[in-house]
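Asks: next input, structure requested:
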Amino acid sequence: MSGDGLGPVEAGDGTVRTEGGPTGRLMRAQRELGLRRRYALLGLAVAVTALLVFHALERDPPARAAPAPVPYPAQLARLTVPGGGTADGRHLSLSADFRVEGAEPVELLAVTQPYPGISLSVRGGLPLTMAGDRTVRLRLEYDLTDCSTVPVGVGLPYIDVTLRNTRAIQTVSQIPGTVYAESLAHWLGSACPSSDIRTAPAETTSPDGRVR
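Replies: Residues are numbered from 1 along each chain as shown. Predicted coordinates for the structure are as follows:
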């Protein structure tokens, strides 16, 4: 070429051509390898984190101690007759104490007795809910309707008490005490003429008889 024309620019000293030469390809490979390595490390970190979270979610929580069950109502409540009653012909009125132990409230649903010729009710009516560790005074009202169905003698008469709390509903036979037996026997002896046909004494039962 003539001296006036401009030829291609030659690489000067200290310059490196990286577009297509071996050095450029090496640098691109190193960059790609670095990127792949970073992506691999990032993916590994995500996988480990997900695995740890999965195991944490599957792990059972520590077992909590189960709370103690609430006692049955018959274990907490009792009906007793502390003193004599007032008799008027075929009617008898007795005071009774309904006692609930512990903190669990108990509901008194019904009070009955086994003799078909005697009706029994609670003055003021039922049900009655009692908070724990308290005593309430009740008035039991008896009415004699048929002398032929009541016993000649009363040994240990019982009362059926129906109770309820958050654990169960129970009907249990309770013997209110000797005062109750004496009051009932004296009332029946005076209210029923000796000429009336009387049944044999009812079978006695042990205190807090079997729940029905």
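
Asks: what distance do you get for Gly117 to Cys192?
Replies: 9 Å (Cβ to Cβ, to the nearest Å). Any C-beta I mention is one placed from the backbone N, CA and C, and that applies to glycine too.

Asks: now stretch 70-83: buried residues?
Replies: 72-81 (16 or more other Cβ atoms under 10 Å).

Asks: for the nearest residue to Thr171 once chain neighbours are set aside, what are its contacts?
Replies: Spatial nearest neighbour of Thr171, excluding adjacent residues (Cβ to Cβ, 6 or more residues apart in numbering): Thr162 at 4.6 Å. Residues near Thr162 by Cβ atoms under 8 Å, 6 or more residues apart in numbering: 108-112, 169-171.

Asks: same thing but 7 Å
Replies: Thr162 makes contact with 109-110, 171 under the criterion Cβ atoms under 7 Å, 6 or more residues apart in numbering.

Asks: looking at the buried residues of stretch 70-83, which are in strands?
Replies: Here DSSP state E is the test, and the buried residues of stretch 70-83 give 77-80 as lying in strands.

Asks: list just the nearest of those residues to Val150.
Replies: Leu79 (20.8 Å; Cβ to Cβ).

Asks: measure that closest one to Leu42 for me?
Replies: Between Leu79 and Leu42 the computed distance is 77 Å (Cβ to Cβ).

Asks: got it, and Leu108?
Replies: From Leu108 over to Leu42 (counting by Cβ to Cβ), the distance is 72 Å.

Asks: more crowded one of the two?
Replies: Neighbour count, other Cβ atoms under 10 Å: between Leu108 and Leu42, Leu108 has more, with 22 against 10.

Asks: ok, back up a step: quick check: neighbours of the helix or strand where the residue nearest to Thr171 lies in the sheet, parallel or antiparallel?
Replies: Using DSSP states H and E, Thr162 maps to strand 159-164. Next to strand 159-164 in the sheet, as set by DSSP bridges, lie strand 106-112 (antiparallel), strand 169-174 (antiparallel).

Asks: minimum distance to Thr149: which of those strands has it?
Replies: strand 106-112 (14.7 Å).

Asks: and that closest one, what's buried?
Replies: 106-109, 111.

Asks: could I get these as a markdown table with pLDDT and distance to Tyr142?
Replies: Listed next are the buried residues of strand 106-112 as a markdown table, based on pLDDT from 0 to 100; distance: Cβ to Cβ, whole Å:
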| residue | pLDDT | distance to Tyr142 |
| --- | --- | --- |
| Val106 | 96 | 24 |
| Glu107 | 97 | 23 |
| Leu108 | 98 | 18 |
| Leu109 | 98 | 19 |
| Val111 | 97 | 11 |
